[in-house]
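Chemist: Below: sequence and its predicted model.
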Amino acid sequence: MSKLFGTDGVRGIANVELTPELAYKIGRAGAYVLTHGEKGKVLIGRDTRASGDMLEAALTAGFCSMGIDVISLGIIPTPAVAYLTRKYEALASVVISASHNPGEYNGIKLFNKEGFKLSDEIEDEIEDIILNNKEIDVRPTKDSIGKRYFEKNGANDYKEFLKSSINVDLSNLTIAMDCGNGALYKIGPEIMEELGATVIAVNTEPNGMNINDNCGSTNPAIIQKLVLDTKADIGLSFDGDADRIIAVDEKGKIIDGDHILAICGRDLKNKGTLKNNTVVGTVMTNMGLDLSLKENDIEIVKTKVGDRYILEEMINNGYSLGGEQSGHIIFLDYNTTGDGLATGLYLLDVFVSTRKPLSELNCIMKDYPQVLINARVNNGLKYKYMENEEIKKEIERIESLFEGQGRVVIRPSGTEPLVRVMIEGKDQEEITRIAQDLASFIEERMNVE
């Protein structure tokens, strides 16, 4: 059976792969599985993509047809929706966003009433209803049909929550921001200014298609240049739905998710609030983070790639900090999902409280050279790369060459027809060549029909 849900919801080219018909079915099936017949409301937020209106209308119709009221939050970051789900006591919530993907894509992410992304088991239950065309025998009539409402205070409620959670004075600081023409384009600069900072923001004029268009957290060169040109104290760059962040120190050096975990992990330990003295990373986490944490007597555990798996590990074992190199950072004491703004504010709090330049904080972790190459493959085969004996043996051969001083990590993309080849080692030129060769090797063997 084909899959609807990837590592971060349902995603595809809007009106081709992710159609309004599918969105309507997700609304109905989601209401059936998540609300258990309980009457109440569901929140819907979205990013700035042009297709957001179309998909929100279809989702709304699906929920309302099940007797569920819909509260439209408008353009708002993913972590804001997760928080507001709890604050507004909703039965569930939805974010319409394709995160860091180009403007023609869109996605649907569902959250339960606690503001957590759905487990694999719940997603499978929703998938089963949709893909097997199972009839949902729920058709309320008259005033039992759900209604649509608009909530205009969602963004302000989220900002006040952040300011009350991370109380930091940003007076006398200059902050450069790349909002990626995404969901944070308005409230991101607003909250920094309300906390006293001078803000220099770019990519704050979304037109429906320019989200992540050579900007945002996946294009850090923009924020690096902006920091250097404006002599800002820090640069903050966000993706389309603002659940991830890439920062830049005053010298223009990138502070990625691994470095953020190193900085914040040490700070939380010093404050006595790093639960179980452990940080959660993934198999893609740079080996340099392991060493940095070890030097500070902090443990690290690793999960599959995906913030949902990090979160699952954190919940199951009582951890408070986890994240990915890409900038998905979860402070579970604050929110239930990756939160770019909260992470930026916490990083600023460390900066202000330690009175150390960010470049000095950034140096507590040294990166092992790492290269990531995408192998474009037949989408139906991308999860079967280790069933190919030639590929398996080639990976084993490469790993034997490193003699424990490097590693190979291969994983399928959750949203695209790609297998991601990551190689880490001491010599950048060598691992780049090896990764390119391995990616070509995989493409040759996984593009058969």
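Modeler: Thanks, I have the structure now.

Chemist: right, and Pro357 touches Ile234 too?
Modeler: No - shown here, Pro357 and Ile234 do not form a contact pair, counting by Cβ atoms under 8 Å, at 9.9 Å. C-beta coordinates here come from the backbone N, C-alpha and C atoms, glycine included.

Chemist: can you map out the helices along the stretch 251-400 of the chain?
Modeler: Using DSSP state H, counting those that start in this stretch, the helices found in the stretch 251-400 of the chain span residues 257-271, 287-295, 307-317, 340-354, 358-362, 389-402.

Chemist: Output the ones you listed as TSV; include the columns mean pLDDT.
Modeler: Formatted as TSV, the helices of the stretch 251-400 of the chain follow (pLDDT from 0 to 100):
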stretch	mean pLDDT
helix 257-271	96
helix 287-295	92
helix 307-317	93
helix 340-354	96
helix 358-362	95
helix 389-402	89
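
Chemist: Would you mind putting those helices into JSON lines with mean neighbour count alongside?
Modeler: Below are the helices of the stretch 251-400 of the chain laid out as JSON lines (neighbours: other Cβ atoms under 10 Å):
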{"stretch": "helix 257-271", "mean neighbour count": "23"}
{"stretch": "helix 287-295", "mean neighbour count": "19"}
{"stretch": "helix 307-317", "mean neighbour count": "19"}
{"stretch": "helix 340-354", "mean neighbour count": "22"}
{"stretch": "helix 358-362", "mean neighbour count": "19"}
{"stretch": "helix 389-402", "mean neighbour count": "14"}
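
Chemist: Could you say which one of these comes nearest to Tyr83?
Modeler: Across the helices of the stretch 251-400 of the chain, Tyr83 has its closest neighbour in helix 340-354 (9.4 Å, Cβ to Cβ).

Chemist: Quick check: which ranges of this protein have low pLDDT?
Modeler: Within the chain, the segments meeting pLDDT under 70 span 1-2, 414-415, 448-449.

Chemist: hang on, Val138 is in a helix, isn't it?
Modeler: No - counting by DSSP: H, G, I helix; E, B strand; the rest coil, Val138 is not part of a helix but coil.

Chemist: could you measure the spatially closest residue to it that is not a sequence neighbour against Ala375, distance?
Modeler: Closest residue to Val138 apart from its sequence neighbours, by Cβ to Cβ, 6 or more residues apart in numbering: Met66 at 5.5 Å. Using Cβ to Cβ, to the nearest Å, Met66 is found at 42 Å from Ala375.

Chemist: ok, the two, which is more surrounded?
Modeler: For Met66 versus Ala375, neighbours defined as other Cβ atoms under 10 Å are more numerous around Ala375 (27 against 24).

Chemist: check contacts around the more buried one.
Modeler: Neighbour list for Ala375: 418-421, 438-440, 442-443, 446 [criterion: Cβ atoms under 8 Å, 6 or more residues apart in numbering].

Chemist: so of those residues, which ones are in strands?
Modeler: 418-421 (DSSP state E).

Chemist: any idea which of the residues you listed is closest to Lys275?
Modeler: Among these, Arg420 lies closest to Lys275 (Cβ to Cβ), at 30.5 Å.

Chemist: How many residues are close by the closest residue to Gly288 other than its chain neighbours?
Modeler: Closest residue to Gly288 apart from its sequence neighbours, by Cβ to Cβ, 6+ apart: Asp367 at 4.6 Å. Neighbours of Asp367 under the rule other Cβ under 10 Å: 16.

Chemist: what separates Asp367 from Glu399, distance-wise?
Modeler: Taking Cβ to Cβ, one finds Asp367 at 20 Å from Glu399.

Chemist: about what we covered before: what's the PyMOL line that selects buried ones from the ones in strands among the contacts of Ala375?
Modeler: Only the buried entries of these go into this PyMOL selection, using 16 or more other Cβ atoms under 10 Å:
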select buried, resi 418+419+420+421
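
Chemist: Between the ones in strands among the contacts of Ala375, which sits nearest Thr278?
Modeler: Nearest to Thr278 among the ones in strands among the contacts of Ala375, with distances taken as Cβ to Cβ, is Arg420, at 26.0 Å.

Chemist: wait, what's in contact with the closest residue to that closest one other than its chain neighbours?
Modeler: Excluding the flanking residues, the one nearest Arg420 by Cβ to Cβ, 6+ apart is Arg411, at 5.3 Å. The contact partners of Arg411, by Cβ under 8 Å, 6+ apart, come to 283-284, 304-305, 419-420, 422.

Chemist: Name the nearest of these relative to Ala14.
Modeler: Arg420 (23.8 Å).

Chemist: Show me what the closest one bridges to in the sheet.
Modeler: Note on Arg420: beta-bridge partners by DSSP bridges are Asn374, Arg411.

Chemist: so it touches Arg376, yeah?
Modeler: No - contact criterion Cβ under 8 Å: Arg420 and Arg376 do not qualify, at 10.8 Å.

Chemist: Can you verify Ile200 is assigned to a strand?
Modeler: Yes - using three-state DSSP, the assignment for Ile200 is a strand.

Chemist: What is the neighbour count of it?
Modeler: Neighbours of Ile200 (other Cβ under 10 Å): 18.

Chemist: All the helices of the stretch 51-200 of the chain, residue numbers only.
Modeler: 52-64, 78-87, 120-131, 154-165, 187-194.

Chemist: what would those helices look like in JSON lines with distance to Thr278 and mean neighbour count?
Modeler: JSON lines is the format used below for those (distance: least, Cβ to Cβ, whole Å; neighbours: other Cβ atoms under 10 Å):
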{"stretch": "helix 52-64", "distance to Thr278": "38", "mean neighbour count": "22"}
{"stretch": "helix 78-87", "distance to Thr278": "22", "mean neighbour count": "25"}
{"stretch": "helix 120-131", "distance to Thr278": "23", "mean neighbour count": "16"}
{"stretch": "helix 154-165", "distance to Thr278": "21", "mean neighbour count": "18"}
{"stretch": "helix 187-194", "distance to Thr278": "30", "mean neighbour count": "19"}
